[in-house]
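Visitor: Sequence first, predicted coordinates after that:
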Amino acid sequence: MTPHWIKTILSSRITETVARVVFMFPFWGSGLAKLIDFSGGVAEMAHFGLQPPALFNILTIIVQLGGSALVIANRWTWLGAGALGVFTALTIPIVHAFWRLQGEEGVVAFHTATEHVGMIGALVVVSILSVRPRPEALRR
């Protein structure tokens, strides 16, 4: 049985909003970095063979910032989370292709890829929760 004080914290709109902001940090943080240092983002896209790199940087910024905003606002969460999930899945073969790497570099890429799989699962969970009836405290 869950203690009342835990239920109170977990049913708070503030807790939900803070959790969504923190959950989306890897995406909105990366999107802001690519926006602020646009040439650095373009160089990153070129490094991974994405052509034209400026277009891929713009699309990445749109997906990361737009998807994050939708999830944080809990509006069209399925769309934001879906776009971020597809984006995250695509980074595995493009950026974290551990099967092509050797030694420590391969191990690091493998662990990053598995973390990405976990993030995709969490994006599905946030989408599921967004369509479920909300507790009374979150409706306010």
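Guide: It's in. In this text the structure is predicted, and so the values were computed from the model without any measurement.
Visitor: Quick check on Arg75: phi, psi?
Guide: Phi and psi for Arg75, reported as degrees, to the nearest 10, are phi -120, psi 130.
Visitor: before we move on, what about Thr8?
Guide: According to degrees, to the nearest 10, Thr8 has phi -60, psi -50.
Visitor: what about Ile128, which helix or strand?
Guide: helix 103-131 (DSSP states H and E).
Visitor: What residues of stretch 99-119 count as buried?
Guide: 109, 113, 116, 119 (16 or more other Cβ atoms under 10 Å). (Glycine included, C-beta is placed from N, CA and C.)
Visitor: How far off centre is it?
Guide: The chain centre lies 17 Å from the centre of stretch 99-119; the measure is Cα atoms, centre = their mean, to the nearest Å.
Visitor: which residues are in contact with that stretch?
Guide: 26, 88-89, 91-92, 96-98 (Cβ atoms under 8 Å, 6 or more residues apart in numbering).
Visitor: wait, isn't Ser130 in contact with Gly80?
Guide: No. In this structure Ser130 lies outside contact range of Gly80 using Cβ atoms under 8 Å: 9.5 Å.
Visitor: about what we covered before: out of the contacts of stretch 99-119, who's nearest Ala46?
Guide: For the contacts of stretch 99-119, the minimum distance to Ala46 (Cβ to Cβ) is 15.6 Å, reached by Thr91.
Visitor: need the contact list for the closest one.
Guide: The contact partners of Thr91, by Cβ under 8 Å, 6+ apart, come to His116.
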